[in-house]
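Peer 1: Would you be able to build a 3D model of this:
(one chain, ligands or ions: 1)
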Amino acid sequence: MTQNAPPPASIRQAVFSDSRAIFDAHQDSVLNLCASAYTPLQMQTWFEGRTHEVHWPAIQAGQVLVAEREGRVLGFAGFVPGEVTLLFVRPEAAGSGLGGQLLRLAMTQAETGHDGPITVVATRNSQGFYERHGFVAVEDSFFVRGAAELRYEVVNMRRAER
Ligand SMILES: CC(C)(COP(=O)(O)OP(=O)(O)OC[C@H]1O[C@@H](n2cnc3c(N)ncnc32)[C@H](O)[C@@H]1OP(=O)(O)O)[C@@H](O)C(=O)NCCC(=O)NCCS
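Peer 2: From the prediction side, this is the model:
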């Protein structure tokens, strides 16, 4: 380890009081790491009308993992049986292996009590990342955001092998 290497992030189940820090990391990740794949208007509208409360149901269900270092949330992942529902890493931590680590843990959780392939709805910018982790594109899709009902192109992906 080099002298100035940061300590590794620790990963734990998120609790309700994490929701503001998670939402802050969510915005940091999207606004900095998704901008190459979506239009400026899509980026402006991504979080329109949304607050940290958007993560309350998943946190309360015990379906969010949070990665932190020295009290700062660096990323988080969400899951339900059969699906990885959320995966966001702050730009300062991207490329260091944290996304892959969170994905593997979320997949393990998503496989619990589920028999069949794990799915993910991937942003356009993250399709290559999921392909490196064994997912294949199934079909193009979109989600809708904002009062103007803007469409955001995404890719439905599936990972067959266990
Ligand atoms: C996608 C994301 C989670 C990846 O996290 P990360 O911490 O940068 O990924 P890692 O460092 O673990 O990378 C793991 C591997 O994937 C590769 N990779 C990372 N991002 C990639 C991309 N966009 N396209 C292709 N490969 C990618 C890395 O090079 C690395 O490969 P290696 O193991 O051969 O070195 C992160 O870029 C992110 O949060 N993006 C913005 C939010 C987003 O779009 N999330 C997906 C929501 S569905």
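Peer 1: low-scoring stretches of the protein, by residue?
Peer 2: Within the chain, the ranges that satisfy pLDDT under 70 run 1-3, 161-162.
Peer 1: Helices of that one, start to end?
Peer 2: Assigned by DSSP state H, the helices in the chain fall at 19-33, 40-45, 56-60, 98-111, 127-132.
Peer 1: how about the longest one: buried residues?
Peer 2: Buried positions in helix 19-33, judged by neighbour count with 16 or more other C-beta atoms under 10 Å: Ser19, Ala21, Ile22, Phe23, Ala25, His26, Gln27, Asp28, Ser29, Val30, Leu33. C-beta coordinates here come from the backbone N, C-alpha and C atoms, glycine included.
Peer 1: Likewise for the last one?
Peer 2: Applying a neighbour-count criterion of 16+ other C-beta under 10 Å, the buried positions in helix 127-132 are Gln127, Phe129, Tyr130.
Peer 1: Share the number of residues neighbouring whichever residue of the chain sits closest to the ligand, please.
Peer 2: Nearest residue of the chain to the ligand (C-beta to the nearest ligand atom) works out as Gly99 at 2.0 Å. Neighbour count of Gly99, defined by other C-beta atoms under 10 Å: 23.
Peer 1: what's near enough to touch it?
Peer 2: Gly99 makes contact with Gly75, Leu87, Val89, Phe129, according to C-beta atoms under 8 Å, 6 or more residues apart in numbering.
Peer 1: okay, the residues you listed in CSV with distance to the ligand next?
Peer 2: Compiled in CSV, the contacts of Gly99 are given as follows (distance: C-beta to the nearest ligand atom, whole Å):
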residue, distance to the ligand
Gly75, 7
Leu87, 5
Val89, 4
Phe129, 4
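Peer 1: Who is the residue positioned nearest the centre of the chain paired with across the strands?
Peer 2: The residue lying closest to the centre of the chain (C-alpha atoms, centre = their mean) is Leu87, at 1.3 Å. In this entry, Leu87 is beta-bridged to Ala77, by DSSP bridges.
Peer 1: Give me the distance between it and Arg158.
Peer 2: With the distance defined as C-beta to C-beta, to the nearest Å, Leu87 ends up 15 Å from Arg158.
Peer 1: The helices of the chain: which one's closest to Asn4?
Peer 2: Closest of the helices of the chain to Asn4 is helix 98-111, at 17.9 Å (criterion: C-beta to C-beta).
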